[in-house]
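Peer 1: give me the fold of what follows.
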Amino acid sequence: MRVVGLHSHWGGRKVLAAKPGVGSSIKRIVERCPVILRASPFVRKQRWEKAPRVFDVSNVGLNRTLNQAFLEDRWERQPSVTPANKRYRADFSRERVHVEVELANSGRWYADAMKFMISHTAGLIDLGILIVPMYNLARRINYDIVRFERVSEEMSYIATAFKVPIYVLGVDDDVAVCSTRRAEAEGLASPREARQGLLAETCEGLGEGREARGWESHAKPLVPDHRGTVLRDHVLLRYAHQGRQSPGTQAGRR
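Peer 2: Predicted structure coming up:
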């Protein structure tokens, strides 16, 4: 992965500049960690979406990989947020800097910012660093995952609420970033076309897996299109497996 987005809150960049060892360590850790893909990607489509979406990145595996990389670089794991209560802990700490890696729900970063403020008020830290995925990476994990673009926007609205130096780092898949930019420069494909190609490959794999397990399909092959063929076929496959017809098919025959 690589650090793509940077957002400084309440002088966070100046504090980090005074601790060059911390910044170089985090940059080295992020670049050493690859994006962890799911063993079995899944496809979903909401009502407002024009096309199905493939979720192929595992936030659990990515979090585990980052944790191991921080420990290998000799960061302190799960430091106390406040001496008064040992139950509340951050992810990592070094040189009076707490680091939170957030790959979960979009509202979780508020709890991380609150931890930074509590530790800063208690005199334990000088800076809090929040690592979150960029939009392109977050949308491959699941719906409503925290993303750098939203965090940086919302943090600017509540600048007076969290009076603590925070530096937000947005990370993304370096392979996806490089390949997408190179493809656009060469005129080979747009990001949308690249995602559709990944979706087609994933759906083909899902179709082969279901047929191998004895699923009976009365629908079209699992090939995505703008009408949401993947979702419709998933429903038909489910009803075929249960030995009955889908409600849409029954209504059509009436």
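
Peer 1: list the buried residues in stretch 43-59.
Peer 2: 43, 45, 51-59 (16 or more other C-beta atoms under 10 Å). Where C-beta positions appear, they are placed from N, C-alpha and C, glycine not excepted.

Peer 1: tell me which entries of the residues you listed lie within strands.
Peer 2: 43, 53-57 (DSSP state E).

Peer 1: nearest to residue 23 among these?
Peer 2: Nearest to residue 23 among those: residue 57, at 25.5 Å, using C-beta to C-beta.

Peer 1: surely that closest one meets residue 39?
Peer 2: No - at 11.8 Å, residue 57 does not count as touching residue 39 under the criterion of C-beta atoms under 8 Å.

Peer 1: and residue 63, helix, strand or coil?
Peer 2: helix (DSSP: H, G, I helix; E, B strand; the rest coil).

Peer 1: give me the pLDDT value at the spatially closest residue to it that is not a sequence neighbour.
Peer 2: Closest residue in space to residue 63, ignoring its immediate chain neighbours: residue 103 at 5.5 Å, by C-beta to C-beta, 6 or more residues apart in numbering. pLDDT, residue 103: 96.

Peer 1: residue 103: how many residues sit nearby?
Peer 2: 22 (other C-beta atoms under 10 Å).

Peer 1: try the one 4 residues further on
Peer 2: When neighbours are counted by other C-beta under 10 Å, residue 107 registers 10.

Peer 1: residue 98 contacts residue 92, doesn't it?
Peer 2: Yes - in this structure, residue 98 is within contact of residue 92 by C-beta under 8 Å, at 7.3 Å.

Peer 1: which residues are in contact with each of those two?
Peer 2: Shared contacts of residue 98 and residue 92, defined by C-beta atoms under 8 Å, 6 or more residues apart in numbering, comprise residue 79.

Peer 1: quick one: secondary structure of the closest residue to residue 27 other than its chain neighbours?
Peer 2: Closest residue to residue 27 apart from its sequence neighbours, by C-beta to C-beta, 6+ apart: residue 3 at 6.2 Å. Following three-state DSSP, we place residue 3 in the strand state.

Peer 1: where does residue 3 land on pLDDT?
Peer 2: In this model, residue 3 carries a pLDDT of 95.

Peer 1: over to the one 10 residues further on?
Peer 2: Confidence at residue 13, expressed as pLDDT, is 96.

Peer 1: name the helix or strand for it, please.
Peer 2: According to DSSP states H and E, residue 13 maps onto helix 12-17.

Peer 1: helices or strands next to that helix in the packing?
Peer 2: Applying 3 or more C-beta pairs under 8 Å, 6 or more residues apart in numbering; DSSP states H and E, one finds that helix 12-17 contacts helix 20-32, strand 127-133, strand 166-172.

Peer 1: which of these is buried the deepest?
Peer 2: Per residue and on average, the most neighbours among the helices and strands packed on helix 12-17 fall to strand 127-133, with a mean of 27 (mean count of other C-beta atoms under 10 Å).
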